[in-house]
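1. turn this into a structure:
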Amino acid sequence: MPAFNTSTGIPYPRVDVNTGKAVESQHVCIAEAGTVQLEYWKLSELTGDPVYHETAQRVVDLLDKADKPHKELEYLIPRYE
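-> Numbers count the residues shown, from 1 in each chain. Okay, here's the model as predicted:
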């Protein structure tokens, strides 16, 4: 899963379908990175292969541990660049 081969573990937003390589980006939409987890969890369920769930869970864990800029806004996740 080349999109997940990043320094943070948050996946790149695009993969070139011709080469199968991730397209590096300076910006990642956290909402997109977070919601793809549902698809990966379901993929593990359907295939019986836990690697998809484990990969997705690492992103969720990272986002949960992220520093929140303001205590009253803890539910908001900072933008990664």
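
2. let me know the pLDDT of Pro78.
-> pLDDT, Pro78: 52.

3. tell me, how many residues neighbour the closest residue to Pro2 other than its chain neighbours?
-> Spatial nearest neighbour of Pro2, excluding adjacent residues (Cβ to Cβ, 6 or more residues apart in numbering): Ala22 at 4.4 Å. C-betas here are computed from N, CA, C, even on glycine. Ala22: 18 surrounding residues under other Cβ atoms under 10 Å.

4. wait, Ala22 sits on Val15?
-> Yes - Ala22 lies in contact with Val15 (Cβ atoms under 8 Å); the separation is 5.3 Å.

5. the helix or strand encompassing Glu45 packs against which elements?
-> Per DSSP states H and E, Glu45 falls inside helix 30-47. Under the contact definition 3 or more Cβ pairs under 8 Å, 6 or more residues apart in numbering; DSSP states H and E, helix 30-47 sits against helix 51-65.

6. the helix it packs on vs helix 30-47, what angle?
-> Compare the direction of helix 51-65 with that of helix 30-47 by axes from the mean of the first three to the mean of the last three Cα atoms, to 10 degrees and you get 150 degrees.

7. for helix 51-65, buried residues please.
-> Across helix 51-65, burial judged by 16 or more other Cβ atoms under 10 Å covers Tyr52, His53, Thr55, Ala56, Val59, Leu63.
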